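[1] Structure here, sequence nowhere to be found:
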């Protein structure tokens with residue numbers, strides 16, 4: 001079992017009582033730097049690892065000219081994404097946009113991403129995302145590295161003052177879930193295709209089985225493309241789909257959502273991403289279809305399990321049980337939380353533990 005499995009988005013926050021529960025970082029290309037910009041604000045291990053996986057994945061496809069060599073209609077120009085990487089109550093949320101360095105080289109994007117803990121997605125959508133949009137606008141309007149640094153630091157401090165006093169505890173459907181449920185109540189075949197796809201391709205991510213993370217080498221990953229929900233904001237679709245997948249697959253797995261803001265779909269990478277997984281950032285629907293559009297041959301009769309799931313949708317809530325192990329989603333989440341807890345105390349010195357001493361000094 002490798003370090004990604006044990007530590008990514010799994011910081012021992014209880015031991016770090018003085019550490020803020022919010023960090024804002026940035027990396028990539030900006031005209032204020034003549035090459036890749038200095039990494040800004042990457043104060044947590046998960047932010048550093050996210051930069052390595054995401055930017056390394058983008059670099060892999062640029063260096064191998066993957067997108068340049070693709071056939072016409074298979075690739076979308078540039079970057080314009082909302083991203084959200086979640087593992088139980090920790091998340092990384094950010095924006096990716098096309099940019100260039102001080103010498104005019106424009107192959108790489110600029111990326112801002114925030115690490116938050118125990119905050120609802122409603123807070124992220126209502127407070128964080130508008131602030132990130134402001135950061136993007138500011139970065140696009142200046143060629144000054146010092147202005148970029150100061151603005152990102154200022155936004156980080158401002159958002160820390162607006163964090164809710166108490167940790168978020170879910171008592172109502174998450175942002176976007178009622179609209180998601182209403183849509184698939186009217187389109188049950190489309191959701192049955194998703195369930196069929198999960199049962200066919202994601203058995204390694206069955207809750208509690210841990211097949212996805214066995215061994216010391218890179219853990220498994222799988223990706224799927226899903227539709228944005230008509231009539232909703234992009235963030236609502238992103239949250240609803242990730243929340244749904246966390247009821248069906250092992251909640252201990254990191255779910256990485258990448259939503260193209262100028263498209264009508266989103267992608268989710270489940271597990272530890274490989275460089276190849278990030279081809280989807282610029283893959284058109286002609287190259288990667290949405291799972292709901294794949295013409296799977298489904299049973300004529302709806303199974304009892306699927307009937308129960310559709311009944312949940314009728315009440316505007318997420319499924320109560322996993323289609324892979326049949327167990328309650330709540331029980332699967334509790335099992336995942338206990339399993340992840342094993343890797344926290346004293347497992348390794350973190351970036352935060354070096355910044356904030358355990359004695360509070």
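    Received, thanks. All values reported here derive from a predicted model rather than from experimental measurement.

[2] what residue ranges in the protein are flagged as low confidence?
    Along the chain, the model assigns pLDDT under 70 to residues 166-172, 345-361.

[3] What segments of this protein are helices?
    Ranges of helices in the chain, per DSSP state H, are 3-7, 45-63, 66-69, 121-123, 129-141, 145-161, 177-186, 188-201, 234-248, 304-314, 329-341, 351-355.

[4] out of these, nearest to residue 267?
    With CB to CB as the measure, helix 234-248 is the member of these nearest residue 267 (9.8 Å). (C-beta placed from N, C-alpha, C; glycine too.)

[5] what about residue 267, neighbour count?
    By other CB atoms under 10 Å, the residues close to residue 267 number 24.

[6] Now the spatially most central residue of the chain: closest residue in space, sequence neighbours ignored.
    The C-alpha lying nearest the average C-alpha coordinate of the chain belongs to residue 85 (CA atoms, centre = their mean; 2.3 Å). Nearest non-adjacent residue to residue 85, counting by CB to CB, 6 or more residues apart in numbering: residue 92, 4.1 Å away.

[7] Can you get me a residue count around that neighbour?
    Using other CB under 10 Å: residue 92 sits among 26 other residues.

[8] One more: residue 17?
    For residue 17, using other CB under 10 Å, the count is 9.

[9] So the residue nearest to the centre of the chain sits against residue 115, correct?
    No: judged on CB atoms under 8 Å, residue 85 makes no contact with residue 115 at a distance of 9.3 Å.

[10] quick one: common contacting residues for those two?
    91, 92 (CB atoms under 8 Å, 6 or more residues apart in numbering).

[11] Tell me where the stretch 251-361 of the chain has strands.
    255-260, 265-271 (DSSP state E, counting those that start in this stretch).

[12] ok, the residue nearest to the centre of the chain - contacts?
    9, 50, 91, 92, 93, 254, 255, 256, 257.

[13] and which of those is nearest to residue 320?
    The closest of these, once distances to residue 320 are taken by CB to CB, is residue 255, at 18.9 Å.

[14] That closest one: what's it in contact with?
    85, 86, 87, 242, 245, 246, 249, 268, 269, 270.

[15] For the buried ones among those, write the corresponding PyMOL selection.
    Per 16 or more other CB atoms under 10 Å, the buried members of the contacts of residue 255 correspond to this PyMOL selection:
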select buried, resi 85+86+87+242+245+246+249+268+269+270
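
[16] which among the contacts of residue 255 gets closest to residue 201?
    The shortest gap between residue 201 and any of the contacts of residue 255 belongs to residue 270, at 9.9 Å (CB to CB).

[17] is the closest one in a bridge, and if so with what?
    As for beta bridges, residue 270 partners with residue 222, residue 255 under DSSP bridges.

[18] Touching, it and residue 253? I think so.
    Yes: with contacts counted by CB under 8 Å, residue 270 reaches residue 253, the gap being 5.8 Å.

[19] Show me whatever sits in contact with both of these two.
    residue 205.

[20] who's in contact with the closest residue to residue 254 other than its chain neighbours?
    Spatial nearest neighbour of residue 254, chain neighbours left out: residue 87 (4.5 Å); criterion: CB to CB, 6+ apart. Applying CB under 8 Å, 6+ apart to residue 87 gives the contacts 8, 9, 10, 252, 253, 254, 255, 340.

[21] Most neighbours of all those, which one?
    residue 253 (28 neighbours).

[22] Was I right to think that residue contacts residue 207?
    No: applying CB under 8 Å as the test, residue 253 and residue 207 come out as separate, 9.1 Å apart.

[23] Stretch 67-77 spans what distance, first to last residue?
    Terminal residues of stretch 67-77 lie 9 Å apart, using CA to CA, to the nearest Å.

[24] One more: stretch 315-322?
    End to end - CA to CA - stretch 315-322 spans 17 Å.

[25] Give me the buried positions along it.
    So, applying 16+ other CB under 10 Å, buried residues of stretch 315-322: 317, 318, 319, 321, 322.

[26] Likewise for stretch 131-144?
    131, 132, 135, 136, 138, 139.

[27] Once you drop chain neighbours, what's closest to the last one?
    The reference is to residue 139. residue 148 is the one closest to residue 139 (CB to CB, 6+ apart), at 5.6 Å.

[28] now the fifth one
    The spatial neighbour of residue 138 that comes closest, neighbours along the chain excluded (CB to CB, 6+ apart), is residue 151 at 4.9 Å.

[29] so how many other residues sit close to the residue lying closest to residue 124 once chain neighbours are set aside?
    Excluding its sequence neighbours, the residue lying closest to residue 124 (CB to CB, 6+ apart) is residue 93, at 5.2 Å. The number of residues packed near residue 93 is 25, by other CB under 10 Å.

[30] correct me, but residue 93 touches residue 113?
    Yes: the pair residue 93 / residue 113 is scored as a contact, 6.8 Å apart, by CB under 8 Å.

[31] Now for those two: what residues contact both?
    Joint contacts of residue 93 and residue 113 (CB under 8 Å, 6+ apart) are residue 83.

[32] before we move on, back to that, can you report how many residues lie near the residue nearest to residue 139?
    Neighbours of residue 148 using other CB under 10 Å come to 24.

[33] which ones are touching it?
    Here residue 148 is in contact with 26, 30, 32, 37, 40, 138, 139, 142 (criterion: CB under 8 Å, 6+ apart).
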